[in-house]
Structures are given as structure tokens and as C-alpha cells.
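J.: Got a predicted model here, sequence first, then my questions.
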There are 2 protein chains.
Amino acid sequence: MEQNDKRQNNNFDRCTSGLRKAGVKLTHQRIEICREISGRTDHPDADAVFHAVRQRMPTISLDTVYRTVSTLINLGLIGTLDVAGESARFDNNIDPHHHFICNRCGEAYDFQSEELDNIVLPEEVKALGTVLDTRIQARGICFECAKKDQH
Amino acid sequence: MEQNDKRQNNNFDRCTSGLRKAGVKLTHQRIEICREISGRTDHPDADAVFHAVRQRMPTISLDTVYRTVSTLINLGLIGTLDVAGESARFDNNIDPHHHFICNRCGEAYDFQSEELDNIVLPEEVKALGTVLDTRIQARGICFECAKKDQH
DNA sequence: TTTGGTGCAAACCGTTTGCATCGCT
DNA sequence: AGCGATGCAAACGGTTTGCACCAAA
């Protein structure tokens, strides 16, 4: 409990001071959005954050949540679970395999590895449920984009 | 090359015979969509498949691509790269960590593991680009959902 | 003839944007 | 007064759906 409060405060401070450092005004709405996201251990979407904050601040709008959350992401103060805003992409490879995804162009490259297929997950995970499939997602910059960068 | 043709045929057969087995009619459009997806090593989205198939079959509609692709996914004949149709979810945990995602309810649980943070990727990946971040995504059924199943 | 599949258009939903207003400083 | 931040409403892009038509069994 005490431990939990501490973590929340750390998250909250990271977000608010991060915004301040970036020269972004700390408005009431932004503070409340930070508080909401920091206090959660689940992974809410924009709408969930909006509804939660609206309890305390009935005038807030969903747009402000979107704008604030997107600044937080751009500043690296929070993360996203999946690649937002992209369209669904299909994969005809249904054998176990892994992905290297380029952060710049979004291209996904497959790679295979028997070793990685047999990864042993920590005990902790067994307490969550039954694992059916384990995949690795490596992110970085692909050579195509790296080449373009050095023009 | 020969190797590649073989793989494509395998994928194509898997898709078409899978549809047949499921009692779904093998129409011209569906066959072409299967052929297109099977012949690709990249990860096209619905629109890319649509444009490619339209070259050969100018009357096909985007709707049919969506419908066919969604049957293929439901039958497990192709996979998706990311969880389609879901909204973006935020994560106040920016430390390196991994996810266990429930296939039933979509809930995402964090877990940490120093071992897994230091995973060694195969040589193959180095040829693709510079890796900045490696995360594990385990999928399965969480205990909450498992409980509900046995009502 | 019946049934499922298709194309079209409209709805839908999450997200973004243009614009007028608001509230600090 | 000036400027960024906000709320509103409308736009947007990917996806789904209702409906009438079509084609194969």
C-alpha cells in the first residue's frame, strides 16, 4: 500500500515535472490527467481516462485528454501498449516467429529462432493465467531508414 | 526462389482448404485475396491487399477484402501483427517490462524479469537494423476469464 | 429457387483539427 | 494585451453494417 503510493507519486512527479521542463503549462486538466494515469496499474484508453477525470472535473473534454496524452507520449513520459493509430496488418506466417519493427517507418520484419521460442517466463506469469503463445517484439531503426538519415 | 514458391503454395493451400473445410464458398474474390496474402512476405494492410488484387480483378471492393480477411483471421488461417480495432492504451510504466495479454478479455498485465530484459537476439536480426528495445508479449487466457468459462 | 456472397453507400468509432473563447501572466 | 490551452463541433480514416442485387447449387 505504502509501496504503491510511492510508485504513484513517482509516476506523477515524472509526468508533471517532465511537462514543466518541456515548457508546457501545468494546467488543472493536465495535472488531473497525469494523476489519473499515474495512479493506475491497468492500461486505460483515452476514453477511460476521460471518464475517470470527469468525475472530479466535469467540464473536461475528451479532446484535452487526447492532446495531453499525446504530449506525454511524445515526451516519453508514458508509454503505449500497442502501436496506436495504425491499421491492422496481416501476416501469412502462422508459425511461431518474432518481429523487428522499425520505429521510423513502421515496417515489420519477421525473424525466427528456436531458442527464443522456448523462452522460460518467470513464475510471476503463471499467477496471471495460462500462456499459449510467447512472442518477442524488438524495436529500433531499420537499415533502410538509417541510410536515409545520413542522406 | 523455388523454396519461396513452395512456401507460398503452402500458405495458399492452407488458406483455401481452410476456408473450404469451414464451409465457406471459394469464390473468385476469396481465392485472389488468399493468393495475394500468401504470396507476400511483408505485412500488408487491408488497403494494400485491396489495391493489389484490384490489378487482376478490377471489380473487387474493399469491403470484400475486409470480410474475407476477417474470416481468415477468425479461422486462424492468417495472423495479425497487432491487435486490430482496439483503441490505444497507455502505460505509466516506462521501465523495461513485458506484457501478458488475455486473448479473451484483452486485459494486459505487466511483468518484469531482468533475465528477459537481457535476451540475446539471433545474428539474423543484426542484419535488419539497430535494436533499441526488446519486449516480450505473452498471450493466453487470464485466470479471471478461465474462471468465468467454467461458470 | 434458395442461399450465401458481393458491391455500394451509409454508419460507426477512435482520433485529429479548425476555430472561437477562456484564463493566465 | 498577448498567448497558450481548452471546449465544441466538424472532419477524418479505417472498419463494419444494412440492403439490394447477383451467381452458383
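T.: Perfect, I can see it now. Residues are numbered from 1 along each chain as shown, chains lettered A, B, ... in the order given.

J.: And the residue nearest the centre of chain A?
T.: A:Thr80 (1.6 Å; Cα atoms, centre = their mean).

J.: Ramachandran coordinates for that one?
T.: As for A:Thr80, its main-chain torsions (degrees, to the nearest 10) stand at phi -120, psi 150.

J.: any idea of the pLDDT on it?
T.: Confidence at A:Thr80, expressed as pLDDT, is 83.

J.: how about the nearest residue to it, chain neighbours excluded?
T.: B:Ala88 (5.6 Å; Cβ to Cβ, 6 or more residues apart in numbering or on different chains). Glycine gets a C-beta too; all of them are placed from N, C-alpha and C.

J.: near DNA strand D, which residues of chain A?
T.: A:24-25, A:27-30, A:59-61, A:63-64, A:67-68, A:87-88 (Cβ under 7 Å from any atom of the strand).

J.: Check those for the minimum pLDDT and say which it is.
T.: For the residues of chain A next to DNA strand D, the least confident entry is A:Ser87, with 68.

J.: Pull up the gap between the residue nearest to the centre of chain A and B:Asn92, please.
T.: 11 Å (Cβ to Cβ, to the nearest Å).

J.: Also A:Lys147?
T.: Counting by Cβ to Cβ - A:Lys147 and B:Asn92 are separated by 35 Å.

J.: Mind checking which of those two has more residues around it?
T.: More crowded of A:Lys147 and B:Asn92, by other Cβ atoms under 10 Å in any protein chain shown: B:Asn92, with 25 against 9.

J.: Can you give me the domain boundaries for chain A?
T.: A:3-89, A:95-150 (automatic domain parsing).

J.: From start to finish, how long is the first one in a straight line?
T.: Okay, so that is domain A:3-89. Terminal residues of domain A:3-89 lie 40 Å apart, using Cα to Cα, to the nearest Å.
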